[in-house]
Every structure is written in structure tokens, then in C-alpha cells.
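Peer 1: Okay, predicted coordinates and the sequence, questions at the end:
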Amino acid sequence: MTEQKRARIKADKLDTGFGSFRNVEVTIGKVIDEDWDEPMGPTPMPGVTTLRDWDHKLLTKYEPSYMPACQLCCLCTFGKCDLTGGKRGACGLDIKAQSARIVLAACNIGCAAHLAHARHLVDHLIHEFGPRYQLTQGEGVDIEAPVSRLVTGIRPRTLDDASSILDYCETQLTHTLSAVHTGQEGSWIDFESKAFHAGMVDQVGMEIADLVQISTMGFPQSDPEAPLVEAGMASMDQSKANILCIGHNVVPAAAITDYAMEHNLQNKLDVSGICCTAWDITRHDAKAKIVGPISWQLRFVRSGIADVVVVDEQCIRTDIAQHAQKVNAPVIATCDKSCMGLPDRTNDDVDDIVADLVSFKVPGVFIGDHNKVGEVVVKTAIAVKPKRKGKTSLPSKKKIQELAQACRQCSECRRACPNDQPIMEAVLAAQEANFGPLGDVYDECIGCARCESACPNEYDLHSWMVTAAKDRWMNESYLVRTGRGAIKDTEIRAVGQPVVFGEIPGVIAHVGCANYPDGGRAIHDMCEEFAQRRFIIVLSGCAAMTVGTIKDDEGKSIYERRSGHFDAGGVVNVGSCVSNPHIAGAAIKIASIFAKRNLRGNYEEIADYIHNRVGAVGISWGAMSQKAASIASGFWRLGVPVIVGPHGAKYRRMLLGRADRAKDWMVYDARTGNEVQIAPGPEHLFYAVENMEECMVLTAKLAIRPNDTARGRAIKLSHYIDLHERYKGYFPDDVHTFIRRETDIPITLKDKIHAQMKENKWKERPIPDPTLLKRMVFGGNGGSK
Amino acid sequence: MEVASKMMRAEPWQTAEVCGPTKAQELKKPVVVGALLKKAKHPLLIVGANALTEKTRKKSMIDYFIELSTAAKIPVVATSNTIKAFKEKNFDNVYSHGVMEIAGKLQDPDWMVAPKKGPHDLVMTFGYPYYMEWLMLSALIIRPSNQDHYSRSLFPTSCNVELSKPQETKME
């Protein structure tokens, strides 16, 4: 299946020799997309091994370094198997292959979550709008869905096309998932290659999910001036009934705002969101509000502000119903993936469901019909608010002080804390009515509540922190620019050359979850630092929320201070998790629009182009989930380096280049076919940093590409050297390795660099037209390396 | 291959960080540390950024490690911005590597921090979040097993261990 699409004929009335029919719809096999004259590339709809050679090139250059979190395998009944000390399990796998298998498992899980989300959206929207509904990403975007074009060779123009592309993705995921089974794949490098495949498929699935919701649900369409929306717990109007939506799938939340609008009930309701549903509900309705990232769930529910809690899918606290019940907030589960043990009331009468919820006869319900969700939730929220009377499960300071007296000083809370916060010490301070330390812990808290589970006294320690910091979160209010969607072709046209030549020093994408060691301030500081340095900053997901929490002296967030245009110094929020492919898509479109490369079914060539020329760096400071793993994997296959924050080390596998091994840094010069030595850039493909300071220096370094022009290289080196001197305290000793010719030297640093070059017996090198693919050499030497 | 660490003792500081069948033991006597240092041909001290804010016996940890390095002639790898503190004290026997870089490079049995200063047969670490140090040591465990190799995590910051009370783990 390459250029094929289904043909559908629909007729209100059809008279035939057999009789007369009404509302007939006929599907006839497949037809060719005849309007698209871009030639098909070599790898449309690649199978699991189609791009294996490319993967192996990357995995040889960036060999995995495994750090197994567990040295056992417990997946089959041959086990448990001990894989320590070079031992193999009963199936034959060693620890290296088993570690790679775990990487693949994580990427499969993440890919599945996005794909299932996309499939639900597409099926739902086909049901609502019909299969022939036209898809668009807005004016100024002719190359819509660049990832889908690149991978499948299809340009999705209708919901039906989107469905066909998901068919492909689902097939691929089945194959990569099956490879994890006992007695299938046996090599670490092929497990890793399949993880790359799952990541690539994930990018396609996410792109389809965002494309269809942008096209149908009134989202901003490639709009750099997408609305600024209210965020923070203080932005909630507590005189209104508050509906909290948690998760990633906007359909139920949209049904709620639509119902409220249709019935003129908006003045009685605040609809708010946590995690990516927050972004997508504000893209649908800019009057909706954002509570905060994923880690805000417990604190907000326990505060009692939410009158109804609606959960859809992904990244929901799985015990949220228990916490909501403590504050008499009914829970509505809306997604078949997360029913939360609640009774299925999909087919019941709306008023009966509302009566049961408002009377607290049931703590919550599962409703699979989204239109019914809208009506039930709105009616329940308005009716239950006066009955709840803002009930909270947060204790008073007086109660905390009283309870704290019985602390056993066992340290179990601190030992359970992933950030090793001094919780016990803060509790002991609270014995003396000193709540400052508990408030300090709140600032660093990621809301996991493991401290509570560990406490032998069953203290609600997270609630104690929230109470101690009440003055802070009750005043937390800021503006964030909601997700704009894709980057316009015109924007790419304007920045393509300076990005590829290095004069815009890089594109930095901050994406992902909120498992921060530092409360998230680091993301803001990194964005601001690099925006000032004229990098293009792109954001999505919870990272895009967190960056808005820090305000300047005038009370403005970074979104108010900086442009939303994809340009030097811009801070661009593309949207939710499923908007991430707009970031990859921007890099892909640079290859298409600036370099005139064909995208269609041409993955390897475009990945090679991006890897060698586009100074893009992904950063997921609080990466937590398997979805974050598969998102990163999609970028790895494109050759884009990804940095994760300290907790990202728990992904247990880095992809590390060895700057000290010259043979690893060779490319073909496409003009001559000669193999050419290059500088080690980008040095790593996946790396967990220790702290923000390391991240700053590494980000600037990873933006260096073999194709940089002399001016671009000089600019990039200036940033690297400046940040290195600031954070590491000395002039970096590897600058000479990045100098190809005299013209690469930043003019103000000439003396220092010359001295280093002399000391290291530097020799001039050519600036190649770099490629890892021998077939890309002009004139074609045939085959790939 | 022998790996020692408090991180992998029977009861880890972070309660969920349980590695597998190989258990660790605590290094309880300073004299054992001294013996290990004497035995090691090419020891390496790896210092992370948490060392910048910690003190022992009224001395900064950076000062302590400079003394240790000088006395025992151990090269120091300082990760992230930690190296700045060493450089500011005009200490030269220090090298800059990222924390994951050093974990990866130590998996290469031939790698050495500088010519004639390796391959390393004893590693001491300090100044990392518990989980990160734990993973670094996990990386060492899957290093090719034909190497006679020691690793010691003497001073996990999360445990506030006094230098006189280091911990030992013995594996394999």
C-alpha cells in the first residue's frame, strides 16, 4: 500500500435495476492519489527492518550504555533469571539484550498510548463528521503532516486518510510489541532498532491525532498569536462550579464546554485542566483554564476547589477517585483505558446519573458516551457545588502541629521520596509550629505522595506540605500561550537557511512531563537563556506549562515577553503531547522547503539531512513516562539528540558518542565521495544530565553540526565557550576539535583558540557536504554504506 | 569483578532501589578503605555537584577531596559544574566528564582518564542524587566480567555518611 486510498461513494438516493435505495455509502477498494506529483521515495510505509541499516549506523556511532535498574528477568515462567556477571537467562538473553528489550517495551507502551488515543479521535470524528471531512493545519501550511508524508508516503487529506495511516501504525506496533516476547529478538542492537521503529511510528500516530483535532475542533491553526490563557490555581473563580479534567484526550472535555455554551451556562462554570487535556481544552475554548502540570493532581483535588473530576486517558493518578471521594467531588471516567473501577452508566438516563452523583450515592461513574458526559458533568457540577461547600481534605496548621507530635522519626518518608527531600525534618519543625520547612519541601515536591504511603503513622504528608504553602499556591496565577499547532511553511522558509548554516544557533525543544528535581524553574531559566541567545525555543506538554509559572519583575510570563513565532528568540508552544511531531515536522520541513529534498517515503535521506545539518536539540527535563521514551525514540531515529533531566537516568540506557574515538566521527563528503573527519557533533544522542548547569553547556554543544558554515560554527562555538566558562569555570579544552578552518574561530576568542590549536597540533580540515549514506554521494556510488 | 557500594547493600537508603540477587555489604572500617586504596593500581575519584554544598568536619567536601587526591595520588573526575570549584582552588589533577559519560566510559575496560592513569580498578563516587549514583554503579556491574575491578561508593550524600564510617558492598 503506497499511494492508495479507499474510494467512497455516498448518495442520498440511488435508483438501480434492483430497486431504489436511500443513504447509500459504498467503499470501492483503493484508488491512487493522482494529484500529488512528488515522486515516491524508497521506503514508503517501512516495515520493522526497512530502516535497520540506518538504525545500526546511529547505534554504532552512539553505542548504548546500559544501567539496568534490575538485573533479573521476571517475564516468563522459566525465570526469575539472574543476569548478573555475564550470565544468560533461560531464554538465552544476557543483561545487555534484556536491557535493550526493556527499552523496546517502554517505547511500545508509549507508542500504544498515543496510537490508541489517535485511533479513538479518528473513529470518533469520522462518526461525527464523516470520513471525507477535509483535514487542515491552517493557512500557510501546504506541507501538512510532514512526518506522515515522510514515513508513509501518504499525505492525509481526509479523516479516512488518517484512518488508513493509523492502520499502518497499528500493524507496525503489533510487530515491535511481538519482538518483546520470550524467544523472539536476541540482539541488543536489533531491540534498539525496533525501539527506534516504535518511536517513529509513534510520531506518525501523534501527528495524526493532532491533525484531526486541529481540523475539527476549532483549535488554533498554525497561529503564532494563539490566545494567552489563564493558568495557576489562583486563576480559578471559586464562586463558580469547577470542573477539573485530567489526562490527554480532549473529546470529553470539549463535550463539557460545548454543552455549557449551548445552554448558556458558562457564567456558572469554570472548566479547568491538568496535563495535556489542559492544553487541548484551552485550544478548543480559550476561556478554559490550566491548573498546572501532571504533578498538580493531588494538591488541586485535595484543595477542594474542583467540584467534579473528569478523567480521560494517560498520566492520571490511578487512585484519584479515592482522593476525590474524600472531598465529595464526583469522578467521571470517560475512557475505556481508565474506567477506575467505577460502574458503567453509559446507557442510563442522564438525570438518574446526576441524582446518584449529587446525592453521593455513588462516588463516580464510567460513561463511554462523550455527549452524555458533557451533560452529566455540567449538571452535576452545578448541583453538587452548594452541597459540597468547598469541602477540602487539607488539614489546618493547628491539626498538623498536633499530629506531628507523634512522628516516629523513622525517616521512611524521606527514604521514599524520589528527591530525597527532608520531609521528616520538616515534620519535626512543624511540631514547633514552624511550617517554613514543609513549605520548602512543597516547592520541590512532584506530588507522588510516596511519603504518605511509607509513613507508619499514615500522615497525609503531601497535604501537610500543601497547607504549609497555601499562601503560595493560592496566589499562583500566570498567563501561558496555548498550543499553536504546526509551524507555517512561510516561517520555515524564513529561518531554514540560517538554521542549516548555523546562524540561528539551534532549535531547542522542551517537552514532556513534570518529574523535576527542582520545581521546574530550571526549564524557565534554560528557555530564557537560550532565547536571549537567539535560539528558537519550542515547547509542548507539561514543560510548556511550567515555563509560564515564573514571572519577571513586571509580572509577565515568558509567553507575554516573547514572540510565539518560529524565529530566533521566539518561544513557541505547539501544544500537547500529541503536538510533538510539529517539532520534528519543522526539522523535516526545513529539508523540504529550504533544501528541496523530497519527503515522500524518504525517511533515511531526510534523517541523514537533519542529523548532519539541523542544530535541533530535544530536552525533556521532567521525563517520566513510557510515552516520553517513545517520543524521544522518534527523535533519535531522526538523528536529533535528546537530553533528559536527572531522573531521566532511570530510563537506564544512554546513547553516548565517544569524542575520544576519531574513527566514530567520519562522514562522506557528498560532493567527492571521500570519507572526511568531522568534529564530534552532535556528541550524544541520548543523555541524562546531572543538573541545569550541565544541561546548559551540553545543549549549546549538541547544537553543533558538521554542515555549519564558518559563520554558523563561530556563533555556536561562542555560545558553547561562554556557557562552559560560566558554569565550569574555564575555557573548554576541546574547542580546537570543532575548528575546521581559521574562519570557524569566533573573532573575539582568537588568541585563546589559536593557543589551543597550536598546543594540539591542529590541522585544517575540509568542510564537507556531510552524509552517512554512500548513496547520497553525487553521481551515486550505489548502495548505502 | 567485584563491586562495592552502600547503594546495593541489603537495605538500600531509597526503599525501592533493589537491584537483584547480588547483595552489598557495608564498608564499616576506614582501614578497609585504606587497604583498598593501597591495593588499587589506578583508582579514580568521581565527584558530583552535590559535593558543592556539603561539608564534613567543618571542611568543604571539595577541600577534603583535594587532600585525598593529593595524598593518595588519585585523579579526580568532577562532573557538571563541580569542576569549577576545583579549578578555583588551582587544583590540576581534575578532569571534566559528564556523569553519564563517565558511567559509560568506565564500561570500556581499556578507558583511562588520562594516559598512564588507567585502566581503573577502583572507583569512588560522591555527590550525586541517590538514584543516579545507584545507576552509575549498575553500569559498572555490566562491565565485561573478565576485569578485576573494584568500585566503591563511600559517601552517598543522601545518607550523610561520616567519612570515618564508610560503607562497603562486596559483589561476586
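Peer 2: Happy to help now that I have it.
Peer 1: Could you use CA atoms for every contact and neighbour count after this?
Peer 2: Will do.
Peer 1: Could you tell me how far stretch A:762-780 lies from the centre of the chain?
Peer 2: Relative to the centre of its chain, stretch A:762-780 is centred 33 Å away, using CA atoms, centre = their mean, to the nearest Å.
Peer 1: pLDDT on that stretch, on average?
Peer 2: Regarding stretch A:762-780, the rounded mean pLDDT is 91.
Peer 1: now stretch A:253-264
Peer 2: Per-residue scores along stretch A:253-264 average to 97.
Peer 1: same check, this time on stretch A:633-646
Peer 2: Mean per-residue pLDDT for stretch A:633-646: 98.
Peer 1: end-to-end on that stretch?
Peer 2: 18 Å (CA to CA, to the nearest Å).
Peer 1: How about A:H724: what's its closest non-neighbour residue?
Peer 2: Sequence neighbours aside, A:V697 is the residue nearest to A:H724 in space, at 5.6 Å (criterion: CA to CA, 6 or more residues apart in numbering or on different chains).
Peer 1: quick one, phi/psi of that neighbour?
Peer 2: The phi/psi pair for A:V697 (degrees, to the nearest 10) reads phi -70, psi -40.
Peer 1: what's near enough to touch it?
Peer 2: A:Y720, A:L723, A:H724, A:Y727 (CA atoms under 8 Å, 6 or more residues apart in numbering or on different chains).
Peer 1: in a strand, that's where the first one is, yeah?
Peer 2: No: the assignment for A:Y720 (DSSP: H, G, I helix; E, B strand; the rest coil) gives helix, which keeps it out of a strand.
Peer 1: Pull up the gap between the residue nearest to A:H724 and A:I704, please.
Peer 2: 12 Å.
Peer 1: How about A:T743?
Peer 2: The value you get for A:T743 to A:I704, if CA to CA is used, is 16 Å.
Peer 1: Comparing those two, which residue is more hemmed in?
Peer 2: Counted by other CA atoms under 10 Å in any protein chain shown, A:T743 and A:I704 do not tie: A:I704 has more neighbours, with 30 against 13.
Peer 1: For chain B, what's the nearest residue on the stretch 551-700 of chain A?
Peer 2: Per CA to the nearest CA, A:E694 is where the stretch 551-700 of chain A lies closest to chain B, at 4.8 Å.
Peer 1: That residue: how many residues sit nearby?
Peer 2: 23.
Peer 1: separation between it and B:A49?
Peer 2: A:E694 is 10 Å from B:A49, by CA to CA.
Peer 1: Could you name every residue contacting both of those two?
Peer 2: Joint contacts of A:E694 and B:A49 (CA under 8 Å, 6+ apart) are B:S80, B:N81.
Peer 1: Now residue 78, what are its backbone angles?
Peer 2: In the absence of a named chain, this looks at chain A. Note on A:F78: backbone dihedrals following degrees, to the nearest 10 are phi -70, psi -30.
Peer 1: um, chain B though
Peer 2: phi -110, psi 120.
Peer 1: Who does it form a beta bridge with?
Peer 2: B:V47, B:S96 (DSSP bridges).
Peer 1: what's the pLDDT at it?
Peer 2: pLDDT for B:A78: 98.
Peer 1: Hmm, it is touching B:N50, no?
Peer 2: No: B:A78 is not in contact with B:N50 according to CA atoms under 8 Å; the separation is 11.0 Å.
Peer 1: residues in contact with A:G130?
Peer 2: Applying CA under 8 Å, 6+ apart to A:G130 gives the contacts A:L159.
Peer 1: do you know how far it is from chain B?
Peer 2: Plainly put, A:G130 is 50 Å away from chain B if you go by CA to the nearest CA, to the nearest Å.
Peer 1: Output the helix or strand harbouring A:I715 as CSV, restricted to C-alpha atoms.
Peer 2: Applying DSSP states H and E as the criterion places A:I715 in helix A:710-728. Extracted C-alpha coordinates of helix A:710-728, given in CSV (Å, rounded to 0.1, in the frame of the first residue of the first chain):
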residue,chain,number,x,y,z
ALA,A,710,32.1,29.1,9.1
ARG,A,711,30.0,31.9,10.5
GLY,A,712,27.5,29.5,12.0
ARG,A,713,30.2,27.4,13.6
ALA,A,714,31.8,30.5,15.1
ILE,A,715,28.4,31.6,16.5
LYS,A,716,27.7,28.2,18.0
LEU,A,717,31.2,27.9,19.5
SER,A,718,30.8,31.4,21.1
HIS,A,719,27.7,30.2,23.0
TYR,A,720,29.4,26.9,24.0
ILE,A,721,32.5,28.6,25.2
ASP,A,722,30.6,31.3,27.1
LEU,A,723,28.4,28.8,28.9
HIS,A,724,31.3,26.5,29.6
GLU,A,725,33.3,29.3,31.2
ARG,A,726,30.3,30.4,33.2
TYR,A,727,29.4,27.1,34.6
LYS,A,728,32.6,25.1,34.5
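Peer 1: Look at residue 62 and say how many residues are nearby.
Peer 2: Let's take chain A. Neighbours of A:Y62 (other CA under 10 Å): 20.
Peer 1: please go with chain B instead
Peer 2: With other CA under 10 Å as criterion, B:I62 counts 21.
Peer 1: I'd like to know how far it sits from chain A.
Peer 2: Counting by CA to the nearest CA, the gap from B:I62 to chain A is 15 Å.
Peer 1: If we go by neighbour counts, what in the helix holding A:I715 is buried?
Peer 2: Neighbour-count burial for helix A:710-728 flags A:710-725, A:727-728 (criterion: 16 or more other CA atoms under 10 Å in any protein chain shown).
Peer 1: Tell me who's in contact with A:N249.
Peer 2: So A:N249 contacts A:H117, A:C276, A:T277, A:D312, A:E313 (CA under 8 Å, 6+ apart).
Peer 1: and the nearest residue to the last one once chain neighbours are set aside, backbone torsions?
Peer 2: Nearest residue to A:E313 in three dimensions, chain neighbours excluded: A:G247, at 5.0 Å (CA to CA, 6+ apart). In terms of degrees, to the nearest 10, the main-chain angles of A:G247 are phi 130, psi -140.
Peer 1: For the chain, which residues score under the pLDDT cut-off?
Peer 2: Going with chain A. For chain A, the stretches with pLDDT under 70 are A:1-34, A:779-785.
Peer 1: looking at chain B here, not the other one
Peer 2: The model of chain B has pLDDT under 70 over residues B:1-10, B:23-25, B:143-172.
Peer 1: residue ranges for the helices of it, please.
Peer 2: Using DSSP state H, the helices found in chain B span residues B:30-39, B:61-72, B:82-88, B:99-105, B:130-141.
Peer 1: export the ones you listed to TSV and tack on distance to B:P12?
Peer 2: Shown next, in TSV, are those (distance: least, CA to CA, whole Å):
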stretch	distance to B:P12
helix B:30-39	20
helix B:61-72	23
helix B:82-88	26
helix B:99-105	20
helix B:130-141	10
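Peer 1: mind checking which of the ones you listed is nearest A:K57?
Peer 2: helix B:99-105 (19.0 Å; CA to CA).
Peer 1: So A:A234 sits against A:W473, correct?
Peer 2: Yes: in this structure, A:A234 is within contact of A:W473 by CA under 8 Å, at 6.9 Å.
Peer 1: of all of the stretch 51-200 of chain A, which residue lies closest to chain B?
Peer 2: Counting by CA to the nearest CA, the stretch 51-200 of chain A gets nearest chain B through A:M67, at 4.3 Å.
Peer 1: Contact residues of the stretch 351-500 of chain A facing chain B?
Peer 2: A:R415, A:A416, A:C417, A:P418, A:N419, A:D420 (CA under 8 Å from any CA of the partner chain).
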